[in-house]
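Chemist: Turn this into a model:
(2 chains)
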Amino acid sequence: MIQQYINSGILEAYVTGSASEQEVKELLYMKANYPEVNIALQELEKDMELIAQQMAITPPERTWDRISDTIDELILRQTSDPDQFTERGDGNGQNFTNPGSGPQYIEVEAESNHMKVHKTWKWVFIAVFVLSKIFLAFAIYFYLENRQAQQQLKEIKTELQRLRR
Amino acid sequence: MLLGYIQEVVKEQAIAEQYLIELFNELKATDIKDMMATGVNTFLRLQQIARKKLSSFISTVEDCADQDEITAKKTINGNKFIDMMGHDQQLVFCGVHYHGKTIVKLAAELNKPEDTIRQLLRESFNIIRNNRNDTAVHQ
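Modeler: Next up is the predicted model:
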């Protein structure tokens, strides 16, 4: 009976998203209760991946940049336009906790320890790094120069004292 | 892989790229949670979302059932597995996979019982499976 079900073509319809709601419900029940159905489904998923691999195209490098740019844009828009986070039910975009005190952000505690910055900051960081190295080199140079001058001064003083005697 | 699928539907790289970008940008937290769940095939989940998103586009492109289109290999091209399928199998597989048609809709369009459509779809998958080992994975 299970083999008959597997051979009916319903599994193929499910993985291609062409099954009816009733068929999907039935299949999820069968999948949960019969490991054979689950294994057959996994095989079909592999087949689908194989078809996709046959037609795989590597996305151009700019694609990911465009995706991340849009995400950055959305983040910036949310930051500068917090109206969407205010209560709309009783009108005028009133604040959740402090009506009349302007828009307020929903407090969300970030789960990640990482921080996102705009890509342009990369160049700023590089510039700061390079400048700091230049300043460091100058500082060392002037320190050495100064030390040498002090030493020479000391020598001259000693020479003068000797001459006075 | 997803870009390849989208491009196969829309036939133009720039449009396909735009769809791919929109698809990722429109993903909701629940979608991501769903596709990352244990036992869920992430690629297939993304492909389902892509198919849903492409449904409006699909209705404007040539139909798989267009005989001339199939003959000219404009609808499905460059896929060894699909080339190996028979005419009816191609119609069903292409209708379902690239045009997001349901079994019921295809049965009505092709004037065949639903069971026959399912069997044709199953046969298409059998062709893919039987030729898995003969085919290099990447083109």
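
Chemist: Find the residue closest to the residue in chain A that chain B sits nearest to in space, skipping its chain neighbours.
Modeler: Closest residue of chain A to chain B, CB to the nearest CB: A:G9 (2.8 Å). C-beta: built from backbone N, CA, C; applies to glycine. Nearest non-adjacent residue to A:G9, counting by CB to CB, 6 or more residues apart in numbering or on different chains: B:R118, 2.8 Å away.

Chemist: Report the buried residues of the helix or strand where the one you found lies.
Modeler: According to DSSP states H and E, B:R118 maps onto helix B:114-130. Going by neighbour count (16 or more other CB atoms under 10 Å in any protein chain shown), the buried part of helix B:114-130 is B:114, B:116-125, B:127-128.

Chemist: Looking at these, which has the smallest pLDDT value?
Modeler: Of all these, B:I128 carries the smallest pLDDT score, 83.

Chemist: Please name the residues that touch it.
Modeler: Contacts here follow CB atoms under 8 Å, 6 or more residues apart in numbering or on different chains; on that basis B:I128 touches A:47, A:50-51, B:81.

Chemist: and those, which are buried?
Modeler: Buried among these by 16+ other CB under 10 Å: A:47, A:50-51, B:81.

Chemist: Reformat the residues you listed as JSON lines; add pLDDT and distance to B:A14.
Modeler: Converted to JSON lines, those look like this (pLDDT from 0 to 100; distance: CB to CB, whole Å):
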{"residue": "A:D47", "pLDDT": "83", "distance to B:A14": "30"}
{"residue": "A:L50", "pLDDT": "81", "distance to B:A14": "27"}
{"residue": "A:I51", "pLDDT": "79", "distance to B:A14": "24"}
{"residue": "B:F81", "pLDDT": "79", "distance to B:A14": "27"}
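
Chemist: how much does the helix or strand harbouring B:Q89 deviate in direction from helix B:114-130?
Modeler: Using DSSP H and E, B:Q89 maps to helix B:87-97. Helix B:87-97 and helix B:114-130 are oriented at 90 degrees to each other (axes from the mean of the first three to the mean of the last three CA atoms, to 10 degrees).

Chemist: Buried residues, helix B:87-97. List them.
Modeler: Residues of helix B:87-97 classed as buried: B:88-97 (neighbour count, 16+ other CB under 10 Å).

Chemist: nearest to A:L27, of these?
Modeler: B:V96 (15.5 Å; CB to CB).

Chemist: can you tell me which residues contact that closest one?
Modeler: A:13, A:16-18, B:102-103, B:106, B:121 are the contacts of B:V96 under CB under 8 Å, 6+ apart.
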